[in-house]
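Undergrad: only geometry, no sequence info:
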């Protein structure tokens, strides 16, 4: 099992932000998936910097990605602030934005 970035991104659609009810990919929270080298490094952001579910969601992202690759997976917090325009159009429509 290799697990390229596209496969991992597709699989991460299974990880739901329970407060919003949409997946982390549709919300634009997954900013980068780097599969070069020995491991996979996923950079994600949160919809709120004070999200009480931060570590839980990061663990879910890591665990789901690990199911899709034979490489070790690291999830790191990005520095940019989340904005609604990072969402996929369908997600914005679902939320009435």
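TA: Cool, the structure landed. All values derive from a computational prediction rather than experimental measurement. Residues are numbered from 1 along each chain as shown.

Undergrad: from here on, contacts and neighbour counts on C-alpha atoms
TA: Fine.

Undergrad: buried stuff in stretch 86-95?
TA: 86-87, 91 (16 or more other Cα atoms under 10 Å).

Undergrad: ok, now stretch 38-49?
TA: Buried residues in stretch 38-49, counted by 16+ other Cα under 10 Å: 40-47.

Undergrad: which among the residues you listed gets closest to residue 57?
TA: Of all these, residue 46 has the smallest distance to residue 57: 9.0 Å, by Cα to Cα.

Undergrad: how about that closest one, what does it touch?
TA: Residues near residue 46 by Cα atoms under 8 Å, 6 or more residues apart in numbering: 29, 54, 81-82.

Undergrad: the helices in this structure, which residues?
TA: Counting by DSSP state H, one finds helices in the chain at the ranges 5-11, 54-66, 89-94.

Undergrad: and residue 24, which of those helices is closest to it?
TA: When the helices of the chain are compared by Cα to Cα, helix 54-66 sits nearest residue 24, at 8.6 Å.

Undergrad: list the contacts for the nearest residue to residue 26 once chain neighbours are set aside?
TA: Nearest residue to residue 26, sequence neighbours excluded (Cα to Cα, 6 or more residues apart in numbering): residue 88, at 5.2 Å. By Cα under 8 Å, 6+ apart, residue 88 lies in contact with 26-28.

Undergrad: just among those residues, which is most surrounded?
TA: residue 27 (27 neighbours; other Cα atoms under 10 Å).

Undergrad: how close does the closest residue to residue 65 other than its chain neighbours sit to residue 50?
TA: Distances taken as Cα to Cα, 6+ apart place residue 8 nearest to residue 65, at 5.7 Å, with adjacent residues excluded. Residue 8 sits 26 Å away from residue 50, going by Cα to Cα, to the nearest Å.
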